Structures are given as C-alpha cells and as structure tokens.
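**Q** Could you look at this predicted model? Sequence included:
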Amino acid sequence: MAKYEPILLKNMLQPGYRGLLEEYRAVGGYTAFEKVLKEISPAEVIEIVKKSGLRGRGGAGFPTGLKWSFIPKDYPGPRYLCCNADESEPGTFKDRQLIERDPHQMLEGIGIACHAIGSHQAYIYIRGEFDLGAEIIQRALNEAYAAKYFGKNIFGTGFDLEVVLHRGAGAYICGEETALLESIEGKRGKPRTKPPFPAIHGLYQEPTVVNNVETLANLPYIINRGADWYAAIGTPKSTGTRVFCVGGHVKRPGNYEVPMGISLREMIYDIAGGIRGDKQLKAVIPGGASAPFLKPEHLDTPMDFEAIKEVGSMLGSGGVTVMDESVCIVWAATNLMEFFHHESCGKCTPCREGSAWILQILRRIEGGLGRPEDIDQLIMLCGRIEGKTVCAFGEAEVGPILSTIKHFREEYEQHIREKHCPFRPNAKLVMAH
C-alpha cells in the first residue's frame, strides 16, 4: 500500500495530541491567520484559494475561492461566514473527528475565510446530537478568545471577529446551506428557493458564505505552504487530499486521508483491508447515503469529483459504504428510503408524498408481496421527484433507488417472483405509515 502524507489528520496521529491550543500552536497553529491579516489582502487570499483548486468538502464540490468571490465587494452592510458542522449524511463521520480531535485548524480556517470575504461575524452550526463536539468547540473557542485570536483588534491589525457556536436540533435538511441559515435565524429548517443565493441574500438577508468543516480546515495549510503545493496533490480538477469515511463490510473501517484520485479498489482493498471474511464485493456507495450505488465493475474508478460522476454516482460527503455478497439490495434501498422519508422537511409535495409511496412499495417487495408492475412504478415515482424540489434532497433520495434498480433489477424481480427475500428469509411486511 502506498504511503500518503496526511494534512488534516497529521496532528491527531501524533501520540498524546489532544487538540489543545498550546499543542496546535506548537505545530504552527494560527501563524497562517496572522500572516493573512498582516501581509495578504482579502482579494489575494481569494486568488490563492482559487489557484489551489480547493473545492467544497461538504458534498457539492463547488470551488471555494470562486464561492467567496461572489460576495459583493462594495457592500456597505455586514457579511457573514457560517461553518457547516451539521454532518448528517449517513455513513459520514470525518467532520466529527476533525472537530473532536483538532478543532483549532477549523477555527483558524474560519478566521482566514472571514478576512477573505470581509466578515466580522461567524457562526459554527453543529448538529444537536454532537454533544462532545460542541463541548470541544466551545473549549477551543474559549482558548482562542483568551489568546486574543478572536475578538477585537486581532494581532494588533484592527481586524475584529466574533465567532459563535450555534447548536441545531438534529435535522438532516439543515445540512443544506439555506435550511441551515433558516435554523440560525430561529425558524424551522427548510430550504429557501434560489436565487437569490446566500452570497447576495444569506443570513439575515445579508451576503453570506457557508463552508464545510473540512473545507475550512484546509485553509491554514494552503496559506502556509502555498497554492502550488496544494494543487500538486490529487488530480488537476480535484486537488488536495480528502478524508474518506470507509464503513460497512471492510476489515479496517475508519477515516482515511488520501490524495484525491486514488481508485475505489485501492481504497477498499489496500487502505481498508478488503472485504470482511474475504467475501465478494456486491455494491459500494462512494459518497454518503445520497450517492447512487456502484458495482464491482467500477472498482478502478478514480475517487475524484469528475470520474465518479462519469460512472453515474457522486463523491458527495466522502462516506464510502461497502456491501458484500450477503446484502439484500432491496433491503438496502428500503433502509435508505426510510431515512429519507423520515428526514424530508415536508416543504415540497413531490418529496413529502413521493417518498412515502416509494417506501411503501419497497417494503411491499421486501416483505414478499411485490407486484410485477412495482419496479416500473418505482421508476415513475422517482421521476416525479427528481428535479421537482426546492433543494437537492429530491435527487438525493431517488438517486440510490434508481441506481439499485439499474444495477440490480434482477434482484427486485426475484423478490417479486419468489414472493420472499432470498437474502433475508424471515423478512416481514412492514407498511409505511
């Protein structure tokens, strides 16, 4: 197995490292923030990040520097930065580790981003279930304030920055940036219609940037080591490293930071040790629960934004879920739809009602009462949702279902023909509520 130099996980891999401020400073922490405040203009910081090729690590993969450049340059009112720590995608747990084991690199990234966009107020939005993560972030914030890295006149430059930790109530939809903004404002977390986009009308209708934890954590290293250094890692269009969360039927599940562009095969068999029990691979989800399924024939696909898209899936949140030959694909699809149906915010009728119908049909097939017309009915229902919702939740919930039918249609047909689940003989019919 090739050796990779970690960037974001490097500190926490050192024995005894606890993520305290004194330890982070000992490895160069907050020098990048001081450097940009004293030596680099906001416009220059944006150009450095553009040149580095850093793309959002939360799911969409949008170029970070380009996103910052959409903030109006001459806007007289306040601007906001929101750190999206609402890691709610099933199978994804990288941001949680970054928060709990080395929170100051994220905080320093927040400072750099705020300088770049001219913001003096930042919010860290963390999902409600992350009790430990919230405690650790608050401790790190207290340390940073005590050291005068946040607050008034930072590093004597006249730059002021207030950073607030905001805890959500635990809703998957609040990982969508506009629903996150609604939640911070005290409203129910539901996505906004776009345009206008947050860069123009975001938090409190002011220009706003929303960046993911992993995205922000990369910034100190890009500033200190240079855009060219970062751009040389990975592939030309998907630069840098990525923390992938490998789970499911692998021998060594966990978070692994690797250069963008390594193959799925290397990720599963070299890095994660192969399939548990040396069974055969049946399917893999490459980018979190909302990413379409892939098959063993896709194992040599590079793990970058473009290549994964070309084979019909997406890199998404970086959650790699591996399924061996014992898995019932219809059950897996049903399990995912149970989650998406439960987490639908209810704003859009196609998503709210369609997910219930899809779930009912999937449960019927898995329970042995499927009908020959059910498969085409599922495809039709997915088509009534895809592209017909305010946010991307619609595509997220139907993508995995359509991919299972595309790659494993014969398994659906077997369930219907034999009137039971061939993988789970004791499966019972459970109707949707």
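**A** Ah, there it is.

**Q** hey, let's count contacts and neighbours off CA atoms from now on
**A** Noted.

**Q** next helix or strand past the helix or strand residue 83 falls within?
**A** Using DSSP states H and E, residue 83 maps to strand 80-85. Moving toward the C-terminus from strand 80-85, the first helix or strand encountered (DSSP H and E) is helix 94-101.

**Q** Against residue 128, how distant is the closest residue to residue 418 other than its chain neighbours?
**A** Leaving out its chain neighbours, the residue that sits closest to residue 418 by CA to CA, 6 or more residues apart in numbering is residue 368, at 7.6 Å. Separation of residue 368 from residue 128 (CA to CA, to the nearest Å): 38 Å.

**Q** now do residue 241
**A** Residue 241 sits 28 Å away from residue 128, going by CA to CA.

**Q** more crowded one of those two?
**A** Between residue 241 and residue 128, counted using other CA atoms under 10 Å, the more crowded position is residue 241 (24 against 15).

**Q** so what's that one closest to, chain neighbours aside?
**A** The spatially closest residue to residue 241, leaving aside those adjacent along the chain, is residue 259, at 4.1 Å (CA to CA, 6+ apart).

**Q** ditto for residue 222
**A** Residue 222 sits nearest to residue 230 (CA to CA, 6+ apart), 6.3 Å away.

**Q** Who are the packing partners of the helix or strand containing the one you found?
**A** Using DSSP H and E, residue 230 falls within helix 227-231. Counting contacts by 3 or more CA pairs under 8 Å, 6 or more residues apart in numbering; DSSP states H and E, helix 227-231 packs against helix 42-52.

**Q** what's the following helix or strand after the helix it packs on?
**A** Using DSSP H and E, the helix or strand that follows helix 42-52 towards the C-terminus is helix 64-69.

**Q** Tell me how far the residue nearest to residue 418 lies from residue 259.
**A** Distance, residue 368 to residue 259, using CA to CA: 44 Å.

**Q** And the average pLDDT for the longest helix seen in the chain is what?
**A** Taking DSSP state H as the criterion, the chain has its longest helix at helix 393-418. The average pLDDT for helix 393-418 rounds to 95.

**Q** buried set for it?
**A** Judged by neighbour count (16 or more other CA atoms under 10 Å), helix 393-418 contains these buried residues: 393-405, 408, 411-413, 415-416.

**Q** can you check stretch 352-360 too?
**A** Across stretch 352-360, burial judged by 16+ other CA under 10 Å covers 352, 354, 355, 356, 357, 358, 359, 360.

**Q** quick one: the last one is in a helix?
**A** This points to residue 360. Yes: assignment of residue 360 by DSSP: H, G, I helix; E, B strand; the rest coil places it within a helix.

**Q** How far does the longest helix of the chain sit from its chain's centre?
**A** Its chain's C-alpha centre and that of helix 393-418 lie 24 Å apart, by CA atoms, centre = their mean, to the nearest Å.

**Q** elements contacting the helix or strand that contains residue 112?
**A** Using DSSP H and E, the element containing residue 112 is helix 103-117. Contact analysis of helix 103-117 by 3+ CA pairs under 8 Å, 6+ apart lists helix 21-26, helix 31-39, helix 42-52, helix 64-69, strand 80-85, strand 121-126, helix 131-146, helix 213-225 as its packing neighbours.

**Q** Kindly recompute the last result at 7 Å.
**A** Applying 3 or more CA pairs under 7 Å, 6 or more residues apart in numbering; DSSP states H and E, one finds that helix 103-117 makes contact with helix 31-39, helix 42-52, helix 131-146, helix 213-225.

**Q** Run through who's touching that helix.
**A** 19, 21, 24, 30, 33, 36, 42-43, 45-46, 68, 71, 81, 120, 137, 140, 213, 216-217, 219-220 (CA atoms under 7 Å, 6 or more residues apart in numbering).

**Q** Just the buried residues out of the residues you listed, in ChimeraX syntax.
**A** Buried residues within those, by 16+ other CA under 10 Å, are selected in ChimeraX with:
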select :19,21,24,30,33,36,42,43,45,46,68,71,81,120,137,140,213,216,217,219,220
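
**Q** number of nearby residues for residue 150?
**A** Neighbour tally, residue 150, other CA under 10 Å: 23.

**Q** Leaving out chain neighbours, which residue sits closest to it?
**A** Leaving aside its sequence neighbours, residue 150 sits nearest to residue 161 (CA to CA, 6+ apart; 5.6 Å).

**Q** which of the helices and strands packed on helix 103-117 sits most buried?
**A** helix 213-225 (a mean of 23; mean count of other CA atoms under 10 Å).

**Q** Now do that helix, average pLDDT.
**A** 98.

**Q** any idea how far that helix is from the chain center?
**A** The answer for helix 213-225 is 17 Å, by CA atoms, centre = their mean.

**Q** and it, what does it pack onto?
**A** Applying 3+ CA pairs under 7 Å, 6+ apart, one finds that helix 213-225 contacts helix 31-39, strand 80-85, helix 103-117.

**Q** mind checking which of these is nearest residue 329?
**A** Among those, the nearest to residue 329 by CA to CA is strand 80-85 (30.7 Å).

**Q** Sheet-wise, list the partners of that closest one with their directions.
**A** Next to strand 80-85 in the sheet, as set by DSSP bridges, lie strand 121-126 (parallel), strand 208-212 (parallel).

**Q** any idea which of these is most buried?
**A** Ranked by mean neighbour count under mean count of other CA under 10 Å, these are led by strand 208-212, which reaches a mean of 26.
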